[in-house]
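> Here is my input, please return the structure:
(one chain, ligands or ions: 1)
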Amino acid sequence: MQLKKDQLRLWDAGIAVAGLITARRRGFYMAAAKVTPLVAGNWKMNGLTASRGELTKMIAGAGVLASKIELMVCPPATLIAIFSDAAKGSAITIGAQDCDAAASGAHTGDISAEMLADAGARAVIVGHSERRSDHHETDAQVRAKAQAAWRVGLTAIVCVGEQRAEREAGKTLDVVGRQLDGSLPDGATAAKLVIAYEPVWAIGTGLTPTPANVAEVHAFIRQQLNTRFAGDGGTIRILYGGSVKPDNARELLTVAEVNGALVGGASLRADDFLGIAAVYR
Ligand code: PGA
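Down below sits the predicted model:
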């Protein structure tokens with residue numbers, strides 16, 4: 001009997017030690033159990049009404065993936081309504097690329113989250129590096145935009161990522177940590193928030209980080225999410241973005257803590273976009 005108790009104690013101690021060792025990776029196991037990957041296409045300032053044909057091809061090819069992943073296309077704002085109509089009942093959802101923080105008012109040329117939801121969008125990308133650089137958007141503005149998205153039930157896809165000089169200076173995790181702190185509103189859940197890690201130097205350049213680099217940053221982001229959003233931190237999706245193509249998708253998307261991709265250039269053609277998503281087949 002005594003022996004059994006000792007054995008049990010040893011067993012408990014073993015579990016405790018194993019628990020400590022795996023604590024850093026716990027988010028991964030939770031994520032692996034519950035997360036449905038998301039592959040989202042960011043069309044940027046590309047696409048006319050004639051591009052609906054490409055969406056139709058994507059819809060045709062998306063069915064076989066529907067039980068495994070979520071597929072999303074984020075066209076320019078001019079196409080959200082017609083794409084939403086075309087994609088109704090299909091395995092593809094439609095997202096937007098940016099929103100204003102205000103609900104309405106005197107903001108010429110801007111588009112509110114309310115308007116995007118009304119046009120049929122289900123999500124909105126905020127804080128993309130092109131908005132941060134071209135429009136000087138700050139973390140505080142990105143955070144306000146994410147809150148605007150939540151106000152109307154849209155998922156906010158919040159982008160973070162370091163510049164080349166920051167990576168070379170060994171500051172990647174500092175930069176990403178600061179962006180997460182400043183850009184994420186409190187109260188995130190897996191339904192409300194997706195993070196896209198996009199190294200700025202990898203966007204549109206054909207350059208990509210090594211899988212080890214991606215693993216390091218994604219593990220760091222997971223740790224931050226777990227600390228800040230206990231409960232949902234382990235299941236908020238973390239996408240990789242930056243020069244994802246069909247021929248490098250497997251290498252990048254099978255890295256631990258990578259829960260899908262935000263795809264720019266390669267999302268404009270159905271064959272490429274579906275080729276990337278096929279990693280999850
Ligand atoms: P890319 O763009 O795939 O063309 O590099 C990614 C992005 O900016 O989201």
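> Give me the distance between stretch 79-96 and the centre of its chain.
18 Å (CA atoms, centre = their mean, to the nearest Å).
> Give me the buried positions along that stretch.
Residues of stretch 79-96 classed as buried under the neighbour-count rule (16 or more other CB atoms under 10 Å) are 79-84, 86-87, 90-96. C-betas here are computed from N, CA, C, even on glycine.
> Could I have the CA atoms of that stretch written out in PDB?
Extracted C-alpha coordinates of stretch 79-96, given in PDB (Å, rounded to 0.1, in the frame of the first residue of the first chain):
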ATOM      1  CA  LEU A  79     -16.400  44.500 -54.500                       C
ATOM      2  CA  ILE A  80     -17.500  43.500 -51.000                       C
ATOM      3  CA  ALA A  81     -21.300  43.600 -51.700                       C
ATOM      4  CA  ILE A  82     -21.200  41.700 -55.000                       C
ATOM      5  CA  PHE A  83     -18.600  39.200 -53.700                       C
ATOM      6  CA  SER A  84     -20.800  38.600 -50.600                       C
ATOM      7  CA  ASP A  85     -23.800  37.900 -52.800                       C
ATOM      8  CA  ALA A  86     -21.800  35.600 -55.000                       C
ATOM      9  CA  ALA A  87     -20.300  33.700 -52.000                       C
ATOM     10  CA  LYS A  88     -23.600  33.300 -50.100                       C
ATOM     11  CA  GLY A  89     -24.000  29.700 -49.000                       C
ATOM     12  CA  SER A  90     -20.500  28.700 -50.200                       C
ATOM     13  CA  ALA A  91     -17.400  27.700 -48.200                       C
ATOM     14  CA  ILE A  92     -15.800  31.200 -48.700                       C
ATOM     15  CA  THR A  93     -16.500  34.200 -46.500                       C
ATOM     16  CA  ILE A  94     -15.800  37.800 -47.500                       C
ATOM     17  CA  GLY A  95     -13.700  40.200 -45.400                       C
ATOM     18  CA  ALA A  96     -12.600  43.800 -45.800                       C
END
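> What lies in contact with that stretch?
For stretch 79-96, contacts defined as CB atoms under 8 Å, 6 or more residues apart in numbering pick out 40, 43, 47-49, 51-52, 55-56, 58-59, 62-63, 65-66, 70-75, 77, 111, 116, 119-125, 154-155, 157.
> any idea of the mean pLDDT for that stretch?
For stretch 79-96, mean pLDDT rounds to 98.
> cool, stretch 193-209 as well?
The predicted model gives stretch 193-209 an average pLDDT of 98.
> where does the chain come near the ligand, residue by residue?
Where proximity means CB under 6 Å from any ligand atom, the interface of the chain facing the ligand comprises 42, 198, 203-204, 241-244, 262-266.
> Buried subset of those residues, written for PyMOL?
Command for PyMOL that selects the buried part of those, burial taken from 16+ other CB under 10 Å:
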select buried, resi 42+198+203+241+242+243+244+262+263+264+265+266
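> farthest-separated two in the residues of the chain next to the ligand?
Glu198 and Ala266 (13.7 Å; CB to CB).
> Show me what residue of the stretch 1-150 of the chain gets nearest to the ligand.
For the stretch 1-150 of the chain and the ligand, the shortest gap (CB to the nearest ligand atom) falls at Asn42, measuring 4.2 Å.
> The residues of the chain next to the ligand in strands, which ones?
Secondary structure assignment (DSSP state E) places Asn42, Gly241, Leu262, Val263 from the residues of the chain next to the ligand within strands.
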